[in-house]
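K.L.:
generate coordinates for the sequence data below:
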Amino acid sequence: MKHIDIKDVMTNAELIGKEVTVCGWVRTSRDSKTMAFAELNDGTTFKHIQIVINKTEFEQGDALPEFLRLGVALCVTGTVVPSAVNKEGGVEINATEIELLGDCPSDYPLQKKRHTLEFLRTMPHIRLRSNTFNAVFHVRSVLAAAIHEYFQKNGYVYVNTPLITGSDAEGAGEMFQVTTQPFGAEANYDNADDYYADDFFGQKAGLSVSGQLEGEMAAMAFGKIYTFGPSFRAEKSNTQRHVAEFWHVEPEVAFAELPDVLEIAEDMMKYVIKAAMERCPTELEFFNKFMEKGLLDKLNNVVNSDFEVLDYTKAIEILEKADADFKFPVSWGMDLQTEHERYITEQVFQKPVFVINYPKDIKSFYMKQNPDGKTVAAADLLVPGVGEIIGGSEREADYDKLVAAMHERNMDMSAYGDYLDLRKYGSVPHGGYGLGFERLVMYVTGVANIRDVILFPRTVGNIR
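P.N.:
Residues are numbered from 1 along each chain as shown. The predicted model follows:
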């Protein structure tokens with residue numbers, strides 16, 4: 001059917017006085033003696049457009065009750081006129097004809113009242129029509145586009161790394177198994193080797209936890225690359241910051257050391273946040289009012305501040321002296337918990353902080369070992385309200401040191417032959433980082449639970 005997006009009607013002044021046809025769902029409605037009103041939204045804009053129905057002139061008056069029910073889908077033809085309520089350039093449509101595209105019964109879950117995010121989480125297929133999720137996913141879309149823009153403008157090659165892999169990039173063993181063997185098939189085999197020999201790939205396979213290892217290989221050919229795709233973690237963590245399936249941004253840069261990695265991460269963060277502020281002002285004002293007071297000030301502070309760089313050892317000293325009742329005790333050698341990360345960013349520096357040079361025993365095998373023999377050239381970017389949002393490092397470019405680190409962790413060397421080859425054939429200093437895209441969306445919108453910034457969240461016990 002020939003129609004125009006509601007966003008275009010609301011932003012194109014040349015349409016005032018002209019007849020248009022729009023389609024959408026009724027968000028709210030009200031009826032009076034001579035007039036009726038319906039707020040229509042088609043998903044192209046955060047704001048609804050008001051449909052005005054003059055009952056004394058409207059020939060389809062008998063159908064008004066079904067047109068005004070919440071949730072129904074309508075096709076409306078009418079004249080665009082200046083809004084009688086919104087004097088600041090707003091418009092509405094004086095309806096001349098309405099077609100019912102899809103009826104909606106009275107038990108439609110999204111009624112005219114405030115619904116909690118917990119309640120909306122029980123209906124992921126319907127919640128997208130609410131104001132909150134309309135705003136969340138418009139911001140998410142803009143952030144995704146801005147990430148691609150940033151890397152493309154700066155000469156990075158976009159690569160797509162495999163989602164099915166035979167190696168664990170993090171070495172943590174939190175992988176989902178991929179198999180074509182039927183459930184219970186292992187009982188038919190004497191050992192694991194025979195079982196996997198009959199499987200699709202002829203060996204153990206799983207869903208990728210990161211595209212980093214393959215990304216490093218691409219960087220050794222193209223210089224600067226980035227990936228932007230899904231990653232999977234079989235980590236049974238039921239917190240507000242963890243899901244089993246998430247989207248992962250991973251740049252990798254040849255001829256780069258740790259300070260270069262920090263500079264790229266800071267520059268990218270400022271670019272994409274600024275893009276969201278410029279392109280989604282209405283949505284961010286909504287979040288500032290209803291989700292996180294002071295959100296706009298926080299984002300402005302990020303764009304206009306130099307990120308702090310803090311050595312891990314200094315961070316531990318700060319936490320040990322802190323006048324705070326931490327749930328997890330602080331000591332050198334521990335991995336920072338969310339409460340520690342937020343204290344550093346929110347109470348001490350009030351801005352994003354790179355914590356660098358972590359103990360090697362708590363970081364991944366591929367990170368460059370520092371001369372002190374105790375730490376690695378790793379960096380986590382901590383932000384107020386979320387904690388860690390980026391994890392990165394300079395990679396270990398020395399073949400012997402990398403092999404030693406893998407032996408220390410009892411890793412299966414046969415699964416990493418291609419990766420080790422990078423250190424044989426023209427090895428160079430290189431580094432990169434991983435950004436959990438959903439955590440970025442949380443940070444920019446002020447939404448506290450990661451389940452509310454992803455279309456259908458995959459968590460422990462939930463695959464709806």
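K.L.:
ok, the closest residue in space to Ala73 that isn't next to it in sequence - how many residues close by?
P.N.:
Spatial nearest neighbour of Ala73, excluding adjacent residues (C-beta to C-beta, 6 or more residues apart in numbering): Gly102 at 3.7 Å. Quick note: C-beta positions are derived from backbone N, CA and C, even for glycine. If you count neighbours by other C-beta atoms under 10 Å, Gly102 ends up with 9.
K.L.:
now do Gly102, the pLDDT please.
P.N.:
pLDDT recorded at Gly102 is 96.
K.L.:
so it is in contact with Arg69, correct?
P.N.:
No - at 10.7 Å, Gly102 does not count as touching Arg69 under the criterion of C-beta atoms under 8 Å.
K.L.:
who's in contact with the residue of the chain positioned farthest from its centre?
P.N.:
Most distant residue from the mean C-alpha position of the chain: Thr56, 49.4 Å away (C-alpha atoms, centre = their mean). Each residue near Thr56 by C-beta atoms under 8 Å, 6 or more residues apart in numbering is listed here: Thr34.
K.L.:
ok, it to Lys7 distance?
P.N.:
31 Å (C-beta to C-beta, to the nearest Å).
K.L.:
please apply the same query to Ile450.
P.N.:
Ile450 sits 28 Å away from Lys7, taking C-beta to C-beta as the criterion.
K.L.:
which one of the two is surrounded by more residues?
P.N.:
Ile450 (21 against 16).
K.L.:
setting the sequence-adjacent residues aside, check what's closest to the more buried one.
P.N.:
Nearest residue to Ile450 in three dimensions, chain neighbours excluded: Glu438, at 5.1 Å (C-beta to C-beta, 6+ apart).
K.L.:
so who does that neighbour touch?
P.N.:
Contacts for Glu438 (C-beta under 8 Å, 6+ apart) come out as 243, 246-247, 450, 453-454.
K.L.:
what of Val386?
P.N.:
Applying C-beta under 8 Å, 6+ apart, we find Val386 in contact with 241, 342, 439, 442-443.
K.L.:
relative to Ala169, which of these is nearest.
P.N.:
If you rank the contacts of Val386 by distance to Ala169 using C-beta to C-beta, Arg439 comes first, at 18.4 Å.
K.L.:
name the nearest residue to that closest one, sequence neighbours excluded.
P.N.:
Ile389 (4.9 Å).
K.L.:
check which helix or strand that neighbour maps to.
P.N.:
Element membership for Ile389, per DSSP states H and E: strand 387-394.
K.L.:
roughly how far is that strand from the heart of the chain?
P.N.:
15 Å (C-alpha atoms, centre = their mean, to the nearest Å).
K.L.:
packing partners for it?
P.N.:
helix 258-279, helix 338-342, strand 375-383, strand 430-436, helix 437-445 (3 or more C-beta pairs under 8 Å, 6 or more residues apart in numbering; DSSP states H and E).
K.L.:
want to throw the ones you listed into JSON lines with distance to Gln60?
P.N.:
Putting those into JSON lines (distance: least, C-beta to C-beta, whole Å) gives the following:
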{"stretch": "helix 258-279", "distance to Gln60": "38"}
{"stretch": "helix 338-342", "distance to Gln60": "56"}
{"stretch": "strand 375-383", "distance to Gln60": "53"}
{"stretch": "strand 430-436", "distance to Gln60": "50"}
{"stretch": "helix 437-445", "distance to Gln60": "40"}
